[in-house]
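*Asks:* quick one, fold the following:
(one chain, ligands or ions: 1)
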Amino acid sequence: MGVPKKKSSKSRSRRVRAANMKLDLPGLTICSNCGTKKLPHRVCLKCGFYKGRVVIDVERFSYKYKYM
Ligand SMILES: [Zn+2]
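*Replies:* A predicted model of the protein is given here:
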């Protein structure tokens, strides 16, 4: 079994650990109807479009999705 020749410094250990801590953004696509960013394979919550047609009534659902 391989044995480390030198003790790795705190700085090195922390650097190596920190390399795995990066958060990444969710993948976003552009709505083909209104052009806002939306999650892929989901209805656009701005205009209610999915696959080229209106799927949901945005006025009715907007109170639930104020964060968008
Ligand atoms: Zn849209």
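*Asks:* can I get the helix or strand of the chain with the lowest mean pLDDT in CSV, CA atoms only?
*Replies:* Using mean pLDDT, DSSP states H and E, the weakest-scoring helix or strand in the chain turns out to be helix 58-61, at a mean of 71. Coordinates of each C-alpha in helix 58-61 appear next as CSV, following Å, rounded to 0.1, in the frame of the first residue of the first chain:
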residue,chain,number,x,y,z
VAL,A,58,-50.9,31.6,-15.9
GLU,A,59,-53.3,34.1,-14.3
ARG,A,60,-54.9,31.3,-12.3
PHE,A,61,-51.6,29.8,-11.2
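*Asks:* which strands and helices sit next to it?
*Replies:* Taking 3 or more C-beta pairs under 8 Å, 6 or more residues apart in numbering; DSSP states H and E as contact, there are no helices or strands that helix 58-61 lies on. Quick note: C-beta positions are derived from backbone N, CA and C, even for glycine.
*Asks:* anything in that helix near the ion?
*Replies:* No - judged by C-beta under 5 Å from the ion, helix 58-61 stays clear of the ion, getting no closer than 8.9 Å.
*Asks:* buried set for that helix?
*Replies:* Within helix 58-61, the residues scored as buried using 16 or more other C-beta atoms under 10 Å are Val58.
*Asks:* which parts of the chain are strands?
*Replies:* For the chain, the strands defined by DSSP state E occupy 29-30, 37-38, 49-50, 53-54.
*Asks:* lowest-confidence stretch among those strands?
*Replies:* The weakest mean pLDDT among the strands of the chain belongs to strand 53-54, with a mean of 80.
*Asks:* what lies in contact with it?
*Replies:* Under the contact criterion C-beta atoms under 8 Å, 6 or more residues apart in numbering, strand 53-54 has outside partners 47-48.
*Asks:* thanks again, I'm all set now.
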